[in-house]
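Visitor: Need a 3D model of the following:
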Amino acid sequence: MAKILFLAHRAPFPPDKGDKIRAFHILRHLAARHEVWLGAGVDDPADFKHMESMALPVCDACLAPLGRVRLNMLSAFSVSEPLSVARFRHPGLERWIAHVLDEVRPDLVFVYSSAQAQYVVGRMPPGTRLVIDFVDADAEKWRAYAERAAPPLKAVYARELRQLVAYETRALAAAEAGLLVSETERRLLAAQSPAHAGKLRVMPNGVDAQYFAGAEGRGDGRSIVLCGRMDYAPNIDAAAWFAHEILPIVRRWRADALFRIVGAAPTAGVRALARLPGVEVTGAVPDVRPHLAQAAVVVAPLRIARGIQNKVLEGMAAARPVVATPQALDGIAAIAGRDLLIGETAAEFGQAVGDVLTGRAPPSLGASACAFVLAHHQWSVQLRALDRLIGEAVPGRSAEAAA
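Guide: Residues are numbered from 1 along each chain as shown. Next up, the predicted model:
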């Protein structure tokens with residue numbers, strides 16, 4: 001059993017969105033096998049109440065409200081620091097982490113999202129090892145934003161790209177290992193930090209297949225469901241692209257087709273999509289499974305995507321036919337035509353969705369999707385690699401738990 005300091009940029013509960021889902025399952029897995037101290041930022045006050053309900057057996061926890069985001073980000077402009085790192089700084093959390101490092105002297109610091117490495121790089125006691133879950137090559141997202149944006153945001157995004165590459169290279173240099181969700185993301189980060197590429201490993205996302213099995217249903221024959229937090233730029237772009245360019249194509253095949261956008265915090269632009277014929281915006285929902293059960297098809301029309309998309313895995317685990325862009329399938333080795341359908345252009349995507357709605361697609365798509373997820377993406381399978389990694393980083397102290 002090892003002593004582990006687990007740091008996350010956001011509280012890893014409730015597990016209701018992409019970054020929290022992966023963090024929650026890793027934290028729960030580690031806490032069941034080791035002594036864990038949890039430090040995390042909180043940008044949604046509602047998250048505080050979930051700490052007790054999650055019943056995670058941690059030794060101590062510090063949850064810091066991130067109320068200084070704008071001030072932190074403004075201050076980052078005066079120094080060589082990424083804005084996306086500065087936004088997660090909190091002096092109270094910093095003091096608590098320093099106390100744990102000095103008093104507990106953990107065997108391992110597990111950093112979820114590289115932003116939290118700012119608290120420990122260069123500050124760890126001798127013998128403490130560092131593992132960073134980068135999740136994805138985040139700098140590439142800023143490269144994509146810079147390519148699409150107009151001035152002055154173009155310059156801001158380009159600066160963030162440069163600063164983040166430099167920061168993550170320093171963090172990886174201090175770590176025993178870095179984790180990424182797919183081989184594509186590993187290659188991208190390796191290209192940014194070639195001197196430390198040998199430290200990078202792939203640990204794909206999983207899915208709680210038993211939980212989403214409760215969403216299995218026949219569908220209503222016309223509902224097209226997109227799930228995801230709707231203040232996240234790639235999801236906003238996906239919703240707008242489908243509503244404006246793909247849905248009109250689909251409605252040529254099925255005039256009553258309904259595009260349902262399911263997710264918290266829809267922006268004004270996303271809410272405005274509900275004015276279009278056949279578009280519904282739900283906002284936050286207490287449980288996404290009823291919407292998946294009603295879906296005739298689940299879509300992931302992402303044109304900007306980083307890492308493995310939980311929305312794809314969840315739709316497949318619910319045994320729904322899924323249509324996705326190639327970008328949304330990174331790290332998911334499903335077979336097109338058997339486990340799901342792929343559309344790269346609006347015309348291809350619309351045709352694939354139309355095929356599902358009109359019965360021209362293979363009727364076994366949903367069942368094959370579920371079988372694929374059960375075979376390849378259950379959390380219990382993915383987290384075995386984490387046990388092996390900790391056993392290597394902290395030999396002797398974690399051998400029993402790894403076994």
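Visitor: so who does Asp287 touch?
Guide: Contacts for Asp287 (C-beta atoms under 8 Å, 6 or more residues apart in numbering) come out as none. Just so you know, the C-beta spots here come from the backbone N, C-alpha and C atoms, and that holds for glycine as well.
Visitor: can you tell me how far it sits from Glu392?
Guide: According to C-beta to C-beta, to the nearest Å, Asp287 stands 39 Å off from Glu392.
Visitor: With Ala257 instead?
Guide: Applying C-beta to C-beta, the value for Ala257 to Glu392 is 51 Å.
Visitor: Equivalent analysis for Ala146, please.
Guide: 37 Å.
Visitor: other SSEs contacting whatever helix or strand Gln210 lives in?
Guide: Applying DSSP states H and E as the criterion places Gln210 in helix 209-213. Counting by 3 or more C-beta pairs under 8 Å, 6 or more residues apart in numbering; DSSP states H and E, the packing neighbours recorded for helix 209-213 are helix 289-294, helix 310-317, helix 365-376.
Visitor: Tabulate the CA atom coordinates of the second one in PDB.
Guide: Looking back up the chat, that one is helix 310-317. Taking Å, rounded to 0.1, in the frame of the first residue of the first chain, the C-alpha atoms of helix 310-317 are listed here in PDB:
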ATOM      1  CA  ASN A 310     -16.900   9.500 -23.600                       C
ATOM      2  CA  LYS A 311     -20.000  10.500 -25.500                       C
ATOM      3  CA  VAL A 312     -19.100   7.800 -28.100                       C
ATOM      4  CA  LEU A 313     -18.400   5.100 -25.500                       C
ATOM      5  CA  GLU A 314     -21.600   5.900 -23.600                       C
ATOM      6  CA  GLY A 315     -23.700   5.700 -26.700                       C
ATOM      7  CA  MET A 316     -22.200   2.400 -27.600                       C
ATOM      8  CA  ALA A 317     -22.500   1.000 -24.000                       C
END
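Visitor: What mean pLDDT does it get?
Guide: Here helix 310-317 scores 96 as its mean pLDDT.
Visitor: what does it contact?
Guide: Helix 310-317 has contacts (C-beta under 8 Å, 6+ apart) with 18, 21-22, 205-209, 211-213, 215, 225-228, 288, 292, 295, 298, 300, 322, 324, 328-329, 332, 334, 339-340, 369-370, 372-374, 377.
Visitor: Equivalent analysis for the first one, please.
Guide: For helix 289-294, contacts defined as C-beta under 8 Å, 6+ apart pick out 211-212, 214-217, 219-220, 223, 225, 227, 260, 262, 282, 285, 298, 314-315, 318, 320.
Visitor: Identify those among those that sit within strands.
Guide: Using DSSP state E, the subset of the contacts of helix 289-294 located in strands is Ser223, Val225, Cys227, Arg260, Val262, Thr282, Val298.
Visitor: Quick check: buried residues in the longest helix along the chain?
Guide: As assigned by DSSP state H, the longest helix anywhere in the chain is helix 153-174. Within helix 153-174, the residues that count as buried by 16 or more other C-beta atoms under 10 Å are 156-161, 163-169, 171-172, 174.
Visitor: returning to what we had before: neighbour-wise, which of Ala146 and Glu392 wins?
Guide: The neighbour count for Ala146 versus Glu392, taken as other C-beta atoms under 10 Å, is higher for Ala146 (17 against 13).
Visitor: ok, the more buried one - contacts?
Guide: Ala146 sits next to Lys154, Tyr157, Ala158, Leu161 when contact means C-beta under 8 Å, 6+ apart.
Visitor: cool, Val323 as well?
Guide: 297-301, 340-343, 349, 352-353, 356.
Visitor: Please settle this for me: is it part of a strand?
Guide: Yes: counting by DSSP: H, G, I helix; E, B strand; the rest coil, one finds Val323 located in a strand.
Visitor: so where's the protein uncertain?
Guide: 53, 68-78, 214-217, 396-403 (pLDDT under 70).
Visitor: show me where it has strands.
Guide: For the chain, applying DSSP E gives strands covering 3-8, 35-42, 60-65, 108-112, 129-135, 177-180, 200-202, 223-227, 258-262, 279-283, 297-300, 322-324, 341-342.
Visitor: orientation of the first one relative to strand 60-65 in degrees?
Guide: When axes from the mean of the first three to the mean of the last three C-alpha atoms, to 10 degrees is applied, the directions of strand 3-8 and strand 60-65 differ by 10 degrees.
Visitor: Which elements pack onto strand 3-8?
Guide: Using 3+ C-beta pairs under 8 Å, 6+ apart: strand 3-8 touches helix 18-31, strand 35-42, helix 91-103, strand 108-112.
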